[in-house]
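Q: Dropping the sequence and predicted coords here.
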Amino acid sequence: MGAGFAGIGTGIQLKRKGIGDFVIIERADEVGGTWRDNTYPGVACDVPSHIYSFSFRLNPDWSRVRAPGREIQEYLVTAAREEGLYPHLRFGEALERATWDDVAKRWIVETPRATYSARFVVLACGHLADERLPDIPGIETFTGDFFHSARWNHDVPLEGKRIALIGTGASGIQLLPELAKVASQVVVFQRTPPYISPAPNPVYTEAEKRLWSRSPETLRELRTEMFWLAEANFAARRGVPAYLEAARKKALDHLERSVPDPELRAKLTPDYEIGCKRLLNSDEYYATLQEDHVILETSALARIDGGQAISAAGNAFEVDVIVFATGFEAAQPLFANHVFRHDGISLADSWCEGMIAYASNTTHGFPNLFILNGPNTSSGHLSAIYIIESQINYFMGALEFAHTHGAEVLEVTKEAESAYVADVRRRSEGTVWTDGGCHNWYVDPRSGALTVIWPDFMHAFREENGTFDPEPYHVELAAHGRVEARGGAA
Ligand code: NAP
């Protein structure tokens with residue numbers, strides 16, 4: 001399910017292993033996931049592209065350190081084409097219902113166009129797939145146009161318009177400089193100021209690209225270097241004081257250098273610990289905020305009245321267009337409403353106190369189901385692709401085990417899942433995400449538990465969760481009925 005990085009990566013590994021009996025179901029009409037959906041002006045990746053790409057499909061041609069979104073989308077389309085995935089792709093098929101059939105030992109997957117019977121299901125739907133539009137009273141009275149950053153309406157002209165930009169997360173701060181170039185006025189509704197670090201983003205020279213093309217080994221060395229440099233940033237997320245202080249100083253120095261006016265600077269200074277919300281980077285955002293036609297409103301958008309956007313502080317602004325850069329439904333993913341156990345209980349019900357999984361991969365009650373980019377798999381300091389690749393390896397290991405041992409059903413035990421979740425909760429304690437004094441999208445508001453982000457080093461994720469081990473699974477063999485496989489099913 002899903003043809004973003006996780007679905008495409010899984011498809012590639014299946015093909016390369018010579019497994020052809022699979023389909024990739026995708027609700028949209030092209031691959032790319034969040035990079036297909038996010039076409040807003042200024043969209044780019046804030047992770048270096050050489051590590052925000054597959055280790056098994058190096059790209060020597062990234063134009064700059066952090067490539068624009070369009071290039072990443074092209075990378076994924078090319079990968080899907082060159083790896084022969086298009087015949088496996090089923091576009092325009094939103095998942096309606098996936099149900100485990102306990103008799104046939106298969107998943108029955110229904111979309112508006114077809115019903116599939118599958119031995120294994122991989123949910124690769126992503127954290128950033130379903131946009132979050134706040135419920136704004138009076139929005140139905142709005143006389144202009146409004147849309148979410150991930151559903152950009154390219155038919156709405158922005159030249160000379162008065163625009164309200166709602167939200168100052170990664171999307172919002174990339175958007176502002178682009179909107180300000182064309183609008184007559186931009187009002188930024190800032191509910192919480194973000195920390196922003198400087199963001200030099202050099203272009204790569206033709207000589208560099210040629211070198212990497214001729215010598216993939218050099219490119220691998222560069223990736224390794226970038227990986228460990230970024231990996232060190234986890235220390236600050238863990239709450240190690242010296243690292244926190246260094247990160248805070250870098251961001252606040254950037255603010256001080258960029259914004260001379262102390263009153264404006266105070267409005268832009270966060271009152272929570274750095275890293276609690278995603279640490280952003282931009283060289284343009286602060287400068288744009290100080291342009292004459294840009295207004296910073298330091299409270300939430302509270303309501304709409306005809307052509308007016310009215311803030312929680314009571315300030316009213318006449319606007320023509322409202323852009324909601326208000327984030328995604330990450331902690332309560334919508335796909336979970338469409339996946340059912342054999343007894344009719346949905347994954348969403350099973351996750352009613354927050355997403356959980358064993359090894360961040362599989363969940364009790366849902367056999368033969370692998371969840372990529374699900375519970376505790378987001379990264380606050382490194383590339384999500386590294387986690388995705390680890391999870392693909394885990395799934396491929398499970399497939400190989402099932403094939404080798406004739407296993408029809410793999411279901412993780414409740415005990416193993418509970419022990420893993422308890423361990424993740426323990427590791428979460430003391431991190432900036434749980435203790436940093438902010439609201440962020442990594443914590444499930446229902447339980448207060450950190451369910452979206454992985455609270456440790458990235459290499460620890462791969463070491464612990466990147467290799468399938470049958471030990472904590474009930475394994476049902478095709479010929480011999482249900483057996484418990486502790487230490488292997490053979
Ligand atoms: P986000 O980080 O969830 O930010 C949403 C913003 O909307 C927050 O500033 C939030 O304020 C604000 N908001 C929500 N309701 C509001 C209201 N009624 N009035 C005013 N503000 C309101 O979403 P995002 O910026 O789309 O980023 C989501 C994630 O996508 C990022 O963390 C990142 O992982 C990824 N992303 C990455 C890149 C990249 O460069 N790689 C670019 C874009 C996105 P509060 O802070 O007060 O909640």
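A: Looks like it arrived, so ask away.
Q: Can you report phi and psi for D292?
A: Main-chain dihedrals, D292, degrees, to the nearest 10: phi -60, psi -30.
Q: show me the contacts for it.
A: If you count contacts by CB atoms under 8 Å, 6 or more residues apart in numbering, D292 has none. (Glycine included, C-beta is placed from N, CA and C.)
Q: Distance of it relative to Y75?
A: Between D292 and Y75 the computed distance is 39 Å (CB to CB, to the nearest Å).
Q: again, but for S53
A: S53 is 6 Å from Y75, by CB to CB.
Q: What about the residue of the stretch 251-400 of the chain found nearest the ligand, how many residues nearby?
A: Residue of the stretch 251-400 of the chain nearest the ligand, by CB to the nearest ligand atom: G327 (2.4 Å). By other CB atoms under 10 Å, 21 other residues sit near G327.
Q: what residues are up against the closest residue to it other than its chain neighbours?
A: Nearest residue to G327, sequence neighbours excluded (CB to CB, 6 or more residues apart in numbering): R132, at 5.0 Å. Applying CB under 8 Å, 6+ apart, one finds that R132 lies in contact with T326, G327, F328, E329.
Q: what residues does the stretch 151-300 of the chain put near the ligand?
A: 166-172, 174, 189, 191-192, 277-278, 300 (CB under 6 Å from any ligand atom).
Q: Just the pLDDT for the residue of the stretch 251-400 of the chain closest to the ligand.
A: Here, the pLDDT recorded for G327 equals 98.
Q: Correct me if wrong: it contacts A170.
A: No - assessed by CB atoms under 8 Å, G327 is found out of contact with A170, at 9.0 Å.
Q: Residues of the stretch 301-450 of the chain that sit close to the ligand?
A: Close to the ligand, as judged by CB under 6 Å from any ligand atom, the stretch 301-450 of the chain has residues L301, A325, T326, G327, F328, H439, W441.
Q: nearest to L128, of the residues you listed?
A: Within these, proximity to L128 (CB to CB) peaks at F328, which comes in at 4.7 Å.
Q: so what's that closest one bridging to?
A: F328 has the following beta-bridge partners by DSSP bridges: E131.
Q: returning to what we had before: contact partners for the residue of the stretch 251-400 of the chain closest to the ligand?
A: When contacts are counted by CB under 8 Å, 6+ apart, G327 touches E131, R132, G167, G169, S171, W441.
Q: Report the next helix or strand after the one helix or strand the fifth one maps to in sequence order.
A: With the criterion set as DSSP states H and E, the secondary-structure element containing S171 is helix 170-182. Using DSSP H and E, the helix or strand that follows helix 170-182 in sequence is strand 185-189.
Q: counting contacts, what elements does the following helix or strand past that next one pack onto?
A: The element immediately downstream of strand 185-189 (helix or strand, assigned by DSSP H and E) is strand 196-197. When contacts are defined as 3 or more CB pairs under 8 Å, 6 or more residues apart in numbering; DSSP states H and E, strand 196-197 sits against helix 241-258, strand 280-281.
Q: now the contacts of R132 as JSON lines including distance to I196?
A: Formatted as JSON lines, the contacts of R132 follow (distance: CB to CB, whole Å):
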{"residue": "T326", "distance to I196": "18"}
{"residue": "G327", "distance to I196": "17"}
{"residue": "F328", "distance to I196": "20"}
{"residue": "E329", "distance to I196": "25"}
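Q: What backbone torsions are found at the one residue in the stretch 351-490 of the chain that gets nearest to the ligand?
A: The minimum distance from the stretch 351-490 of the chain to the ligand, using CB to the nearest ligand atom, falls at W441 (4.8 Å). Reported as degrees, to the nearest 10, the phi and psi values for W441 are phi -90, psi 10.
Q: quick one: it and F328 touch, right?
A: Yes - contact criterion CB under 8 Å: W441 and F328 qualify, at 7.2 Å.
Q: list the contacts for V319?
A: Neighbours of V319 in contact, by CB under 8 Å, 6+ apart: G144, R162, I163, A164, V187, G307, Q308, A309.
Q: Pull out the buried members of the residues you listed.
A: Neighbour-count burial (16 or more other CB atoms under 10 Å) applied to these gives G144, R162, I163, A164, V187, Q308, A309.
Q: got those residues as a markdown table, with secondary structure columns?
A: Shown next, in a markdown table, are the buried ones among the contacts of V319 (DSSP: H, G, I helix; E, B strand; the rest coil):
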| residue | secondary structure |
| --- | --- |
| G144 | coil |
| R162 | strand |
| I163 | strand |
| A164 | strand |
| V187 | strand |
| Q308 | strand |
| A309 | strand |
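Q: Identify the farthest-apart pair in these.
A: I163 and Q308 (13.8 Å).
Q: so where's the stretch 301-450 of the chain uncertain?
A: Nowhere does the stretch 301-450 of the chain drop to pLDDT under 70.
Q: Quick one: the helices in it, in order.
A: Using DSSP state H, counting those that start in this stretch, the helices of the stretch 301-450 of the chain run over 347-350, 384-405, 414-428, 432-435.
Q: looking at the ones you listed, which is closest to P48?
A: Closest of those to P48 is helix 384-405, at 11.1 Å (criterion: CB to CB).
Q: Check which residues of that closest one are buried.
A: Neighbour counts over helix 384-405 (16+ other CB under 10 Å) mark 384-396, 398-399, 401-402, 405 as buried.
Q: domain ranges for the chain?
A: 5-31+85-130+329-485, 139-324 (automatic domain parsing).
Q: Can I get these in JSON lines including distance to T39?
A: Shown next, in JSON lines, are the domains of the chain (distance: least, CB to CB, whole Å):
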{"stretch": "domain 5-31+85-130+329-485", "distance to T39": "11"}
{"stretch": "domain 139-324", "distance to T39": "5"}
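Q: just to revisit the earlier point, mark which of the contacts of G327 are buried, thanks.
A: E131, G167, G169, S171, W441.
Q: closest to A118 among the residues of the stretch 301-450 of the chain next to the ligand?
A: Nearest to A118 out of these is F328 (CB to CB; 26.8 Å).
Q: tell me, how many neighbours does that closest one end up with?
A: F328 has 20 neighbours, counted by other CB under 10 Å.
Q: now it: how far from V122?
A: Distance from F328 to V122, by CB to CB: 20 Å.
Q: Now I371: closest residue in space that isn't a chain neighbour?
A: L123 (4.8 Å).
Q: pretty sure that neighbour contacts H338?
A: No - look at L123 against H338 with CB under 8 Å: they stay out of range, at 9.6 Å.
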